[in-house]
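In: attaching a predicted model along with its sequence, questions to come.
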Amino acid sequence: MHSGERKVGNGSSGAIAHRLAAKQQEISVTEFFEKNKHILGFDSRSKSLIMGIKEATDNALDACEEADIPPEITVTLERMEDEVFCICVEDNGPGIVHKMMPNVFGRLLYGSRFHALRQSRGQQGIGISATVMYGNITTGRPARIMSKIEGDDAVSWRMDIFIDTKTNRPIVTNDEAFVWEGKDHGTSIRYYIKGRYITGKQSVFEYLKNTAIVNPHAMITYRDPDGKTFVFERATETMPPKSKEIKPHPEGMEIGDLQKYASATQQKTVRAFLKNDFSRITDRIADEILSRAGVSGEGKPPKLTREDCKGIIDAIAAVKIMAPPTDCLSPIGETLIKKGLMHVLEGLRPDYYATPVTRAPKAANGNPFVVEAGIVYGGDIPSDGPVAILRFANRVPLLYQQGACAITKAVESVDWRRYGLEQRGGRGIPYGPAIILVHIASTKVPFTSEGKEAVANLPEIQNEICLALRLCARNLKGHLNKMERKSKTEAKFRIVRELLPDMAGKVSEMLDRPRPDLTGTISKIMNVVWIDSRVKKEGKKKVSVLYTVYNYTTQERTLRLHAKLPKECVNLSLFTDDRFLDMNDEGKVSWEISSLPPSRTAEISFELSGELADTFSPEDVYVSGINPIIVMGAEGLPGDWGIKGLEILETDTDIEEEEQTEDTEEAEDLGDE
Amino acid sequence: MNDRHRAAVNSLTSIVEGLYDQIDGGEIPRMELPLRSKKNIEFDPGTGVWRYGDLRTTRTAKTVQGAQMMLRTAYTADFINDMIRSGKSSTLREMYYISEGWNNAKFHTQDESNLLAEDLETVSGCMREDFRLRPEESGAHVYGDVTFRTLTKKGMRSFNCVDDVAETGFAIPYNVEKDNFEIESTDARFVMAIETGGMYARLIENGFPERYGCILVHLSGQPARSTRRLIKRLNDEAGLPVTVFTDGDPWSFRIFASVAYGAIKTAHISDYLATPAAQFIGITASDILNYDLPTDRLSDKDLGALNAELSDPRFRDEFWVSEIQAMIEMKKKSEQQALAKYGLDYVTDRYLPEKLTDMGVL
């Protein structure tokens, strides 16, 4: 203190500090959060309502997955008075041991997950207790918790919890055992909260609907304040593979993190601490770090000074360390993303679900992550506005701060015009009848704030999102091209089936001559091999597929068809079809049609049965052995498909370029008579 | 059935035969037509008008649009032949409605049916009148010292376009060919074609036709064929100079072009409709500056039209290039009635006498 020179009022500045200190009180974490509710996302009435449900649902899903139980979650929202709601979230999870209940629901920053690094929904362990506290503060009423763990003799326990905001301790009342009729195991929380109920994009319904999309293994029931019940049925019985815990990777660690880990470690020496508490640090690398940092490896970790830690952090940046292990992540996967989207968006009757993309894991700041993307197109999806972006992090929907999110930025940076969507100037959110889904799974999703509403804009992550979006968009573009060709096919059919016969009829009648034979003209107009693909639902888990190949050309054709089937759904019907050739490990199947004469047809049919049967899109079929230009209804076999197709043997003499349509500029674009 | 009608039936029938033979030969039916766009109009020094050049477009049954047009061609040819044989006629609009019963050959708009009638003209070398198709009345009128002799329900009768008509003038019939319509006599010194009804009424009220010996023709927007044909006959037969007075915007420039040079859509009969000696009075871009006229900003559509005119061969002369470029630069357009800024008599006392004297008409 450099006092003495300056006198303030009637005392020195030192005296003022003492006076202030007398007024200062210890501020508990709880109290801090009470004053900074917005950090947790409780910054508006309508948001507060969702935040609570979100925290409770996230916890329920995490708990069920950890215990390998297919989740069944019921969310009930009741209006008590104008702005007071009663929310109840019940799950069928493993339940919580009686003595732990107060801590789990009544203490901020409590929970097993605080220091663990794994892909989970609630990464900070702050959520549910914050919800309880927010309810306490706004309505003065405690939260009621009920829980039962599995086992014949296990009784159920219930209690009311209040959080003492000064001490961050739960105040428990009405703690009692009871018999929970019809419940094997699970937890329920009922609390009162001040909030505002809204509908639309940032509503409870939307949140639960989106949750159902990315958690197709969960069954979610929602009762809204008007008493309406919505059930999102389970779309699959397959539980997601469990995510594994990993040790922190040294890259991307801040000094504070290192100091925190060092003071808490069980390791006796700094070398052992580096080697055993972090992933990808070997003896050799530990030595290299220590020598670069000029820190002794034999000292006790808690004794590391700030300067030591800074040296170690700098050394880590200079030493080459393997990227973190990535097998700890559990992405949703291409098939289940599609399944989830189909299940929940059925009502919009989309034309097309672009084959979703799951990228290989990458690392950013020492944290492994995976990006997944899916696009839904057409049907009743509104086409006149910007596309809807569904953002997810670790299977949790992100409803707020869309503009600040790396996912949105990535969507905006893709030139969607190349993939068939409208976009002004090739930047910004595209327009059209589409819904874009992006999911990021990571042991630590970098959020922009504690509210976990927007993903921070790390270049590695944004780059991966862009790549995933482009791949998925390419599938969409392929579909749109196919649709365009299909409409061209339909146009040709209209010509040869309606217009040409009408014309022949009219001219022969006018001239009083016999009706001319149309076959020559028809095959010249068509000049295609047309592949018609049809799929029929045979029941809940069974579809039948029929390909009809029409030779509308003037020569005999030999060709192969190729498609990728969901392997687990294939049955005998596939192999007994005469045209079946082979199937490989990935489910890629080839059929051969040999010597199909002009104006004749050939059929290929088979059945698929099983849960994923309806995920097969029969239009995704490829041809070989024939010039794809004269094929309608299928693309040429791509070079990177990993299957050798049939060589093209015939030569086509009469393939023409698409003709230009008639010059219709005329009429002078003006009222020239 | 007269010779022209017989010729029409024959050439329509041969078009249909062409379609039949192609289908019968296992070919894709095709039809060749002159390309009807500004890319394909050429100046014909013999007649002084713009006509279609040698560029052709092929309509083929490979596209739905092409196949549908050919189907309609067959139906329309049949309809016209029937009409000629039974001595009936119909309006273009009636033909459009009759197509209701043609299934796949049905027209969806009247523009489609009008266009097809023009197609048939270009392919057969006949005219719409030969097909016994006629347009609606266009609303165009004539006022001034000229006497027409024209067919009425009571036979041929004479009308003087001042004495025998109401204030709006003499309504131009859709057919002004010699069999129905004669220019009997005139003491006028020149013809002035006017774009807007407002200006036409102003000149009549101000006594302009009487004072200057002028026949006024109200064009009523883009002039119909018969209006253009009448102007041409006044020029050819009565030897009267023709002037055109329109608004000052790109669309009005095109009105002048269709009177003087021939319209792009009807370039196959330009020698019959266009009056190459017609002169443009205004409103020009220079008038806007010289007379300091009230203006409107050019819209994007206007600008597009002006730029299109720069690549239109009909406007490729010194006067038009400089006027169009001046208008593009000032980004402004004006109406003929904007002259009222200086009073109701200004147009007849100052503007027109000045301009017409400069042009050597007065």
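Out: Looks like it came in fine.

In: okay, and the beta partners of residue B:185?
Out: Counting by DSSP bridges, residue B:185 forms beta bridges with residue B:147.

In: does it touch residue B:149 like I think?
Out: No: applying CB atoms under 8 Å, one finds residue B:185 not in contact with residue B:149, separated by 9.4 Å. From N, CA and C alone the C-beta is placed, and that goes for glycine too.

In: mean confidence score for the one helix or strand residue A:286 maps to?
Out: When secondary structure is defined by DSSP states H and E, residue A:286 falls within helix A:283-293. Mean pLDDT, taken over the full extent of helix A:283-293, equals 90.

In: need the CA coordinates for it. PDB is fine.
Out: Backbone C-alpha positions of helix A:283-293 (Å, rounded to 0.1, in the frame of the first residue of the first chain) are rendered in PDB as follows:
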ATOM      1  CA  ASP A 283       7.600 -41.300 -20.200                       C
ATOM      2  CA  ARG A 284       9.600 -39.800 -23.100                       C
ATOM      3  CA  ILE A 285       7.100 -37.000 -23.700                       C
ATOM      4  CA  ALA A 286       6.800 -36.300 -19.900                       C
ATOM      5  CA  ASP A 287      10.600 -35.900 -19.800                       C
ATOM      6  CA  GLU A 288      10.700 -33.700 -22.800                       C
ATOM      7  CA  ILE A 289       8.000 -31.400 -21.300                       C
ATOM      8  CA  LEU A 290       9.800 -31.300 -17.900                       C
ATOM      9  CA  SER A 291      13.200 -30.500 -19.400                       C
ATOM     10  CA  ARG A 292      11.800 -27.800 -21.700                       C
ATOM     11  CA  ALA A 293       9.900 -26.300 -18.800                       C
END
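
In: give the helix, strand or coil label for the closest residue to chain A within the stretch 101-250 of chain B.
Out: Of the residues in the stretch 101-250 of chain B, the one nearest chain A is residue B:222, at a distance of 4.6 Å by CB to the nearest CB. Classification of residue B:222 by DSSP: H, G, I helix; E, B strand; the rest coil places it in coil.

In: from the chain's centroid, how far away is stretch A:74-86?
Out: 29 Å (CA atoms, centre = their mean, to the nearest Å).

In: CA atoms only: put it into PDB for me.
Out: In PDB, the C-alpha atoms belonging to stretch A:74-86 read as follows (Å, rounded to 0.1, in the frame of the first residue of the first chain):
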ATOM      1  CA  THR A  74     -42.800 -38.100 -19.200                       C
ATOM      2  CA  VAL A  75     -42.900 -34.300 -19.000                       C
ATOM      3  CA  THR A  76     -46.000 -32.700 -17.600                       C
ATOM      4  CA  LEU A  77     -46.500 -29.000 -17.600                       C
ATOM      5  CA  GLU A  78     -49.500 -27.500 -15.600                       C
ATOM      6  CA  ARG A  79     -50.500 -23.900 -15.300                       C
ATOM      7  CA  MET A  80     -51.200 -23.100 -11.600                       C
ATOM      8  CA  GLU A  81     -51.800 -19.400 -11.800                       C
ATOM      9  CA  ASP A  82     -51.000 -16.900 -14.500                       C
ATOM     10  CA  GLU A  83     -47.300 -17.100 -14.500                       C
ATOM     11  CA  VAL A  84     -46.700 -20.000 -12.100                       C
ATOM     12  CA  PHE A  85     -46.300 -23.500 -13.500                       C
ATOM     13  CA  CYS A  86     -45.900 -26.900 -12.000                       C
END
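
In: so what touches it?
Out: A:45, A:49, A:53, A:56-57, A:87-91, A:138-139, A:190-197, A:204, A:208, A:220-225 (CB atoms under 8 Å, 6 or more residues apart in numbering or on different chains).

In: got the buried residues for that stretch?
Out: Within stretch A:74-86, the residues that qualify as buried are A:74, A:75, A:76, A:77, A:84, A:85, A:86, counting by 16 or more other CB atoms under 10 Å in any protein chain shown.

In: strands - which of these land there?
Out: Among those, the residues falling in strands (DSSP state E) are A:74, A:75, A:76, A:77, A:84, A:85, A:86.

In: which one is residue A:440 nearest to, not counting chain neighbours?
Out: Nearest residue to residue A:440 in three dimensions, chain neighbours excluded: residue A:393, at 5.2 Å (CB to CB, 6 or more residues apart in numbering or on different chains).

In: typo on my end, it should be residue B:138
Out: Excluding its sequence neighbours, the residue lying closest to residue B:138 (CB to CB, 6+ apart) is residue B:224, at 3.5 Å.
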